[in-house]
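J.: Pasting the sequence and the predicted coordinates here, then a few questions.
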Amino acid sequence: MALIMHSSLLLIFFTLLYPLLTTLNPDQQESKLAEMTKTAVSSAFFISLLPLMIFLNLKTEGIITNWHWMNTQTFDINISFKFDHYSLIFVPIALYVTWSILEFALWYMHSDPYINRFFKYLLTFLVAMIILVTANNMFQLFIGWEGVGIMSFLLIGWWHGRADANTAALQAVIYNRVGDIGLIMTMAWFAMNLNSWEIQQVFTLSKDFNMTIPLMGLALAATGKSAQFGLHPWLPSAMEGPTPVSALLHSSTMVVAGIFLLIRLHPLMENNQLALTICLCLGALTSLFTATCALTQNDIKKIVAFSTSSQLGLMMVTIGLNQPQLAFLHICTHAFFKAMLFLCSGSIIHSLNDEQDIRKMGGLFNIMPATSTYFTIGSLALTGTPFLAGFFSKDAIIEALNTSYLNAWALILTLIATSFTAVYSFRLVYFVIMGTPRFLPLSPINENNPLVINPIKRLAWGSIIAGFIITHNFLPMKTPIMTMPTTLKMAALLVTIMGLLIAMDLANMTSKQVKITPTITTHHFSNMLGFFPAITHRLIPKLNLTLGQSIATQFDKTWLETVGPKGLALTQTVLAKITNDITRGMIKTYLTIFLLTLILATIPILL
Amino acid sequence: MAAVYLTHHQKVLRLYKKSLRHIESWCIFRDKYRFYACLLRARFDENKHEKDMVKATIMLKAGEEEFWANQHPQPYLFPDSPGGTSYERYECYKVPEWCLDHWHPSEKAMYPDYFAKREQWKKLRVQSWDRE
């Protein structure tokens, strides 16, 4: 059994690497890399179901150490893959979502001349992500970590002729780099104090150490990669990339890498209350802040991006609650409905001729019924509608939050963020799907292509049943608290319904002539993303420039020049000029004075 | 417009169009937008026969300040206009125009009108280069 599992897992790797290797072939014409990639990923998905079934049936987990790569007498770096509960469930889900996205990308990027390169990048990203997820040592994890960061840069800046896209790609790389400092610090600490980068050894050896420093490093790494508050602006900017990129990287897979790291290394955090509290509070703050920003955005992709950020905050909260399995469950369910939301948005955007502003969409329910249905299903799953995918994870998280003896502030923030989720989801559905059309009449609206509809349909099935299936198939490591007051149990649902009702009321008021502008200050705070990007990106350069200007004018120009030499020169020249002008051209006066002086000089001699 | 300075007329019209676009960004539904657009038009029309330029300039300044206070932070931009979502998106696929000079004559023969005019266009460009 173990042999079957390990061979199928390695087969997955080779299936995914094969299309990349064909690109190394020097004579390539008319290569069908795009379709080959999609087929490779779909076959890899079906292959990966085999180890998943073996795991679910027999609870076998495995570690394969393939190659002793760099081994000294004191330190070993190997290539070893860990196939435990987390990676065995995540890999099929990632492959399923990627398969759908690649099929969608065949339609979306159809007119792009470099579509083969696009698929190559996406496949490289997928390979890097799987390396990250199956890594059994920190070095391999770091390879995957950096790999996904670089592919993110290349894919966000896909349309590199666009200045904003390049800025966004740089932003992603730099913010991720700041997070990488934390990861490298943790790795250095492990190498120095525990003398190992293998995860099992780290767990056993770390019992007697004070793990605060490496855990802070891990928290920083997760903040960078998973866009927690402080290092979050790159995620909404990353929407500059094409929609398949946003769907794959910035919703389902890459951004969960930080949370996945924390889940993997969770046993280190269990006993460190500081790390748990930091995760809890940071996650709650992120969740609320980004949900607030999502309330007033007008770009459909940005709203979904902020929604992703908010859910990542929620996952961080779960880690802070000492519930890594719930966080993992949320990662899995979130992947389905978020990718589906992005694919539906991509379909809508393409149909409306690249229109991304929800102010110019509307009434799509009649024209694109399938897409709008799936969009609604995705939004319902996101808000945690009972018995769809999001419910199992989200409700469990809120229950765990309610019944733990922790920070009440984090609890309140998370509940408010949950209600905001309902508000912005409803806002999105209201402006995009309901009402009357606000887009141009001759838009090429098309959802007939099976390449569009089949992926979204598959993801919709996932959004509906994935939560159910996964919940029933994983073994809870921690006993969930089963008895709680009814209010606490229903808290998530109540808060969501309240948010929904408020949103409906507000939407009703928007369509009537009450006033033009809403309350300016709060709207501006939300719309300008809390002024966070404006301050962090512009304040320091502006201060530098102002300092430079004041030094140049005040110090250099005034004190060193005008007060000193130049001022002196100026006064002298002015006076000299005046004197010169006064006495200029007065020949008769000169001659008269000359004669007068001569007479005055010679009179004493005569006398 | 040939001169560097804007006339009062141009400034007023620019303010009007800007304000309309920002009202469109605020008022998402067309009927509500039409209502406020008509109100704005009425406000502008009320004072359009003002002959005193001093008063007119003061009103314009007040209008600009009101616009600044009430503008939308993310005004609606068309996707292809500067600042829009697909502006400059296809720059990376564009080929510079000097490549046209390197076409083979048989290829150039496929577009005789264009290449005939192209020589004239190049001469015009050389002449107006310094002026630009």
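T.: Here it is on my side, so go on. Numbering: from 1, shown residues only, chains lettered A, B, ... in the order given.
J.: contacts and neighbour counts: CA atoms only from here.
T.: Will do.
J.: For chain B, see how far away A:Q28 is.
T.: 21 Å (CA to the nearest CA, to the nearest Å).
J.: try A:L88
T.: 39 Å.
J.: repeat for A:N176
T.: From A:N176 to chain B the distance is 24 Å (CA to the nearest CA).
J.: what's near enough to touch that residue?
T.: A:G149, A:A221, A:G224, A:K225 (CA atoms under 8 Å, 6 or more residues apart in numbering or on different chains).
J.: so what's it scoring on pLDDT?
T.: Per-residue pLDDT puts A:N176 at 95.
J.: again, but for A:S48
T.: As predicted, A:S48 sits at a pLDDT of 94.
J.: which residues touch stretch A:524-532?
T.: A:P233, A:F289, A:T290, A:T292, A:C293, A:A294, A:L295, A:T296, A:Q297, A:A534, B:P73, B:Q74.
J.: same thing but 7 Å
T.: A:T292, A:C293, A:L295, A:T296, A:Q297, B:P73 (CA atoms under 7 Å, 6 or more residues apart in numbering or on different chains).
J.: end to end, how far does it reach?
T.: 12 Å (CA to CA, to the nearest Å).
J.: follow-up on the earlier one: and the contacts of A:N176 as CSV, adding secondary structure?
T.: Shown next, in CSV, are those (DSSP: H, G, I helix; E, B strand; the rest coil):
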residue, secondary structure
A:G149, helix
A:A221, helix
A:G224, helix
A:K225, helix
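J.: mind giving me CSV with those and columns for distance to chain B, pLDDT and neighbour count?
T.: As requested, the contacts of A:N176 are exported to CSV (distance: CA to the nearest CA, whole Å; pLDDT from 0 to 100; neighbours: other CA atoms under 10 Å in any protein chain shown):
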residue, distance to chain B, pLDDT, neighbour count
A:G149, 22, 95, 25
A:A221, 30, 96, 30
A:G224, 26, 94, 29
A:K225, 25, 94, 30
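J.: how about the residues of chain A near chain B?
T.: Within chain A, the residues that sit near chain B (CA under 7 Å from any CA of the partner chain) are A:159-162, A:354-355, A:359, A:511-513, A:516-517, A:524, A:527.
J.: And those residues, which is the shakiest by pLDDT?
T.: Lowest pLDDT within the residues of chain A next to chain B is found at A:Q513 (75).
J.: what's near enough to touch that residue?
T.: B:K32.
J.: Quick check: it vs B:H22, distance?
T.: A:Q513 is 16 Å from B:H22, by CA to CA.
J.: which one of the contacts of stretch A:524-532 sits closest to B:T7?
T.: B:P73 (27.5 Å; CA to CA).
J.: part of a helix, is that closest one?
T.: No - B:P73 is assigned coil when assessed by three-state DSSP, not a helix.
J.: and it, how many residues sit next to it?
T.: 15 (other CA atoms under 10 Å in any protein chain shown).
J.: What of the one 10 residues further on?
T.: By other CA under 10 Å, 14 other residues sit near B:G83.
J.: which SSE is it in?
T.: Using DSSP states H and E, B:G83 sits within no helix or strand.
J.: What helix or strand is residue 57 located in?
T.: Defaulting to chain A. Using DSSP H and E, A:N57 sits in helix A:33-58.
J.: That was the other one, I meant chain B.
T.: With DSSP H and E as the criterion, B:T57 is inside helix B:53-70.
J.: just the helices in chain B please.
T.: B:8-26, B:30-46, B:53-70, B:105-108, B:112-128 (DSSP state H).
J.: Where does pLDDT dip in chain B?
T.: B:1-2 (pLDDT under 70).
J.: Comparing the helices of chain B, which comes out most buried?
T.: helix B:8-26 (a mean of 17; mean count of other CA atoms under 10 Å in any protein chain shown).
J.: I would like the residues contacting that one, please.
T.: A:I516, A:T517, B:Y33, B:A37, B:L60, B:E64, B:F67, B:Q71, B:H72, B:P75, B:Y76.
J.: what about the closest residue to A:E270 other than its chain neighbours, how many neighbours?
T.: Among residues not flanking A:E270 along the chain, A:N322 sits closest, at 6.4 Å (CA to CA, 6 or more residues apart in numbering or on different chains). A:N322 has 23 neighbours, counted by other CA under 10 Å.
J.: just the one 3 residues further on next, same as before
T.: Taking other CA under 10 Å as the criterion, the count of residues near A:Q325 is 21.
J.: does it sit in a helix or strand, and which one?
T.: Assessed by DSSP H and E, A:Q325 sits inside helix A:324-351.
J.: thinking again about what came up before, how about the CA coordinates for the helix holding B:T57, as PDB?
T.: C-alpha atoms of helix B:53-70 as PDB (Å, rounded to 0.1, in the frame of the first residue of the first chain):
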ATOM      1  CA  MET B  53     -16.100  88.500 -15.400                       C
ATOM      2  CA  VAL B  54     -15.000  89.100 -11.800                       C
ATOM      3  CA  LYS B  55     -18.100  87.500 -10.400                       C
ATOM      4  CA  ALA B  56     -18.000  84.700 -12.900                       C
ATOM      5  CA  THR B  57     -14.400  83.900 -11.900                       C
ATOM      6  CA  ILE B  58     -15.300  83.900  -8.200                       C
ATOM      7  CA  MET B  59     -18.200  81.600  -9.000                       C
ATOM      8  CA  LEU B  60     -15.900  79.300 -11.000                       C
ATOM      9  CA  LYS B  61     -13.500  79.100  -8.100                       C
ATOM     10  CA  ALA B  62     -16.200  78.300  -5.700                       C
ATOM     11  CA  GLY B  63     -17.400  75.600  -8.000                       C
ATOM     12  CA  GLU B  64     -14.000  74.100  -8.300                       C
ATOM     13  CA  GLU B  65     -13.700  74.000  -4.500                       C
ATOM     14  CA  GLU B  66     -17.100  72.400  -4.200                       C
ATOM     15  CA  PHE B  67     -16.000  69.800  -6.800                       C
ATOM     16  CA  TRP B  68     -12.800  69.100  -4.900                       C
ATOM     17  CA  ALA B  69     -14.600  68.500  -1.600                       C
ATOM     18  CA  ASN B  70     -17.200  66.200  -3.200                       C
END
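J.: contacts for that helix?
T.: Under CA under 7 Å, 6+ apart, the answer for helix B:53-70 is B:V12, B:L15, B:S19, B:E50.
J.: Spatially, which two of these are the most separated?
T.: Among the contacts of helix B:53-70, B:S19 and B:E50 lie farthest apart (CA to CA), at 20.3 Å.
J.: Could I get the full set of helices for the stretch 151-300 of chain A?
T.: Using DSSP state H, counting those that start in this stretch, the helices assigned to the stretch 151-300 of chain A run over residues A:163-189, A:199-205, A:212-225, A:234-237, A:243-247, A:256-264, A:266-269, A:273-294, A:300-320.
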